[in-house]
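Undergrad: Coordinates for the following, if possible.
(chains A and B)
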Amino acid sequence: MPPSRRRPIPTPPAGGRPKVAGLNRRASAEPAVSPSDAPSPVVEPVEPVGEAVESAGEAVVEDVTPEVEPVAEDLKAPEALDWTPSATPKKKAAAAVKAEPADQVDAAEAPFRGWMIPAALLVVAVLLGALGTFFLMKSRSVSYDAALVDSATTSEVNGQIREAVEKSFSYNFADVESTEKAAKELLTGKALCQYNAVFGPVKEVAPQQKLVVTVRVVSSAVSSLKDDHATVLVFADQVTTRTTDNQSGGGTAMLRVSAVDDGGRWKIDNMEMFGATAEQNRQLQGC
Amino acid sequence: MRIFTVVAAVLAVLTFGYAAYFGVAWYSASNSSSASFASVRDEALRSGQVGVTNFLTLDYKKVDEDLRRWLNSSTGELRAEIDKDKDSRKKQLVDAKSVTTSKVLDAAITELDDRAGSASMIAVVESTVTPDGGQQVTKINRYLTKLTRTEDGWKLSQLGPLRAGV
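TA: Numbering: from 1, shown residues only, chains lettered A, B, ... in the order given. Next comes the predicted model:
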C-alpha cells in the first residue's frame, strides 16, 4: 500500500502546480493575518496618516476576503480560533471591510436580483389572481335544485299550486264567477289560454246540466325549484255531478304544472296533462 | 427597485387572500348540507324511477328473471310480500300470459328524510300491456311509492297505485 501511494504523488506536479500554488498562497497569506503579525501592521497604519490607512486597509481587505471563505471551508479549527481574537480588536476595520464588498456585490448583481424578486412576486400574484377567479366562478356556478332543500319555499309552492288547481278547476254552475275569478288570479300567461281550452267546453254545458265539478288534489310534489320558477307534479281527482239527474262521474288527472313567483304568489304559467286525449293535447298546444 | 418589490409583494399577498377566500367559498358551497341534500334527493328520485320501472315491467316468459329483479329493487315490507307468495305470484303471472312494459313519464319526491333514509315519491307511469296474441293496451297510471335507503342504495319499500277517491 505505501508504495502505491507514493507513486501518484510525484506524477501530478505538472497539473498539480496551481493547487500547490494556491496552498502556498494561503500559507503565505496566513502569517500576514495570523494573531502575532496582524495586529501590528493594521493598528499601525490606523494611527498614522489617512492615506496609509486607506491603502493598507484596502490591501488587507483584498487579502483577507478571499481568505475568509477558504478559511471556513478548509482550515482547521484551531487556526480559525486563533484568527478570531485577532479580528476583535479591529472591529471597525472589519465592519468597513464587510460594508465595502457588500456594496460591490449589490452593484454587480443588481440588474438580476433587483428585478428577479418583484418579477417573481408579480408572477405569483398573477397566478393567484387567476386561481382566485377560477374559484370565484366555480363557487358561483355551484347550483342545485332547491326542491325540498328549501323546505319553506317548497311547501309554499306546493300549497299554493294545490290551491290554484283546486280553485280554478272546481266549478259550480251556481257560482261561475268565483271560479273565473280564481282562474284569473291564480293562472297567468299561457296557462290562462290553456285553461280556457280545457274548461271552455265544460262551461258551455254546465248551466244546462247544472254541473258541479269538484277537483281535489290527491298528491303533489315540487320536482324543481329554481329561483322564481318551479315545476310541480299534481295528481288530482275530479268528481262531476249533474245536479239535474244527480248522475256523477269521476276521473283522475295527472298534471305537470309550471309556476312562477309573481310578487310573493306562485301562479301557474303552464300546464301539461298526462293521459290527455288527443283533442285536449291539441287544444293545449294551440296556446 | 425596493418599491417594485413592495408593490409586487403586496399584490401577491392580496391575490393570495383573494384566491384563498374563493377557494374556501367554492369548497363550502359544493360541500354544504344543502348541496348534499339535493344530491340525496336526486339519487332517491333516480332509484325510485328505476325501481318503479322494474316493478311494472314483466314478461310471462321470463317470470323468474322478473321476480329476481323485483326482489333486487325492493326492501322491507314490499320485498317480504313478494318473497312470501312468490310461487303463487309466479303462477298467476305465467297464467296471465301477458307482457307488460312501462316507463316513467314523470316523478317527484314528495318527502325526504335524509337521516332516516326514507323518502316518498309519486310517479306517472305509462304501461303497455300486450296479452299473448291479443292487442296491446297503453294506460297511464299514477303511483305512490316509499323508498328506503339500504347499503345498496335506495330501494322500494312500498308501491301502490293512487286510485281515484283515495
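Undergrad: Now stretch B:100-107: buried residues?
TA: B:T100, B:T101, B:S102, B:V104, B:L105, B:D106, B:A107 (16 or more other CB atoms under 10 Å in any protein chain shown). Backbone N, C-alpha and C define where each C-beta goes, glycine included.
Undergrad: same deal with stretch B:55-62?
TA: Of all the residues in stretch B:55-62, those buried under the rule 16+ other CB under 10 Å are B:F55, B:L56, B:T57, B:L58, B:Y60.
Undergrad: can you count the residues close to B:Y143?
TA: In terms of burial, B:Y143 registers 21 neighbours under the definition other CB atoms under 10 Å in any protein chain shown.
Undergrad: same deal with the one 10 residues further on?
TA: Number of residues near B:G153 (other CB under 10 Å) recorded here: 15.
Undergrad: which residues does it contact?
TA: If a contact means CB atoms under 8 Å, 6 or more residues apart in numbering or on different chains, then B:G153 has B:E43, B:S47 as its contacts.
Undergrad: returning to that earlier point: among the buried residues of stretch B:100-107, which pair sits farthest apart?
TA: For the buried residues of stretch B:100-107, the farthest-apart pair by CB to CB is B:T100 and B:D106; their separation is 19.3 Å.
Undergrad: can you give me the helices for chain B?
TA: Counting by DSSP state H, the segments of chain B that form helices are B:2-30, B:33-55, B:63-73, B:76-84, B:86-96.
Undergrad: same question, chain A
TA: Assigned helices in chain A, in chain order: A:2-6, A:13-33, A:39-46, A:50-73, A:77-87, A:91-109, A:115-141, A:151-169, A:176-186, A:190-209, A:278-285 (criterion: DSSP H).
Undergrad: Do the last one and chain B come into contact?
TA: Think helix A:278-285. No - between helix A:278-285 and chain B, judged by CB under 8 Å from any CB of the partner chain, nothing touches; the nearest distance is 12.5 Å.
Undergrad: could I get the buried residues of stretch B:55-62 as CSV with distance to chain A and pLDDT?
TA: Below are these laid out as CSV (distance: CB to the nearest CB, whole Å; pLDDT from 0 to 100):
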residue, distance to chain A, pLDDT
B:F55, 18, 91
B:L56, 15, 92
B:T57, 19, 92
B:L58, 22, 89
B:Y60, 26, 90
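Undergrad: can you tell me which of the buried residues of stretch B:100-107 are in strands?
TA: Members of the buried residues of stretch B:100-107 lying in strands (criterion: DSSP state E): B:T100, B:T101, B:S102, B:V104, B:L105, B:D106, B:A107.
Undergrad: tell me which of those residues is nearest to B:V137?
TA: Each of those was scored against B:V137 by CB to CB, and B:T100 proved nearest at 9.8 Å.
Undergrad: Looks like the closest one contacts B:T128 (just checking).
TA: Yes - B:T100 is within contact range of B:T128, at 6.9 Å (criterion: CB atoms under 8 Å).
Undergrad: pLDDT below threshold where in the stretch 1-150 of chain A?
TA: In the predicted model of the stretch 1-150 of chain A, residues A:1-113 satisfy pLDDT under 70.
Undergrad: can you list the residues of it near chain B?
TA: If contacts are counted using CB under 8 Å from any CB, the residues of the stretch 1-150 of chain A sitting beside chain B are A:110, A:114-115, A:117-122, A:124-126, A:128-129, A:131-133, A:135-136, A:138-139, A:142, A:144-150.
Undergrad: If any of those residues are buried, give me the ChimeraX selection for them.
TA: Buried residues among the residues of the stretch 1-150 of chain A next to chain B (16+ other CB under 10 Å), as a ChimeraX selection:
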select /A:117,118,121,122,124,125,128,129,131,132,135,136,138,139,142,144,145,146,147,148,149,150
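Undergrad: so what's the backbone phi/psi at B:T75?
TA: When quoted as degrees, to the nearest 10, the phi and psi of B:T75 stand at phi -150, psi 170.
Undergrad: Give me the neighbour count for the closest residue to it other than its chain neighbours.
TA: Excluding the flanking residues, the one nearest B:T75 by CB to CB, 6 or more residues apart in numbering or on different chains is B:K155, at 4.0 Å. Applying other CB under 10 Å, we find 23 residues neighbouring B:K155.
Undergrad: Could you do the one 4 residues further on as well?
TA: Under the neighbour criterion other CB under 10 Å, B:L159 is assigned a count of 23.
Undergrad: Write down the beta-bridge partners of the residue lying closest to it once chain neighbours are set aside, one by one.
TA: Spatial nearest neighbour of B:L159, excluding adjacent residues (CB to CB, 6+ apart): B:T145 at 4.5 Å. Assessed by DSSP bridges, B:T145 has beta-bridge partners B:M121, B:L159.
Undergrad: Contact partners for B:Y60?
TA: Applying CB under 8 Å, 6+ apart to B:Y60 gives the contacts B:L93, B:V94, B:A96, B:K97, B:S98, B:V99, B:D132.
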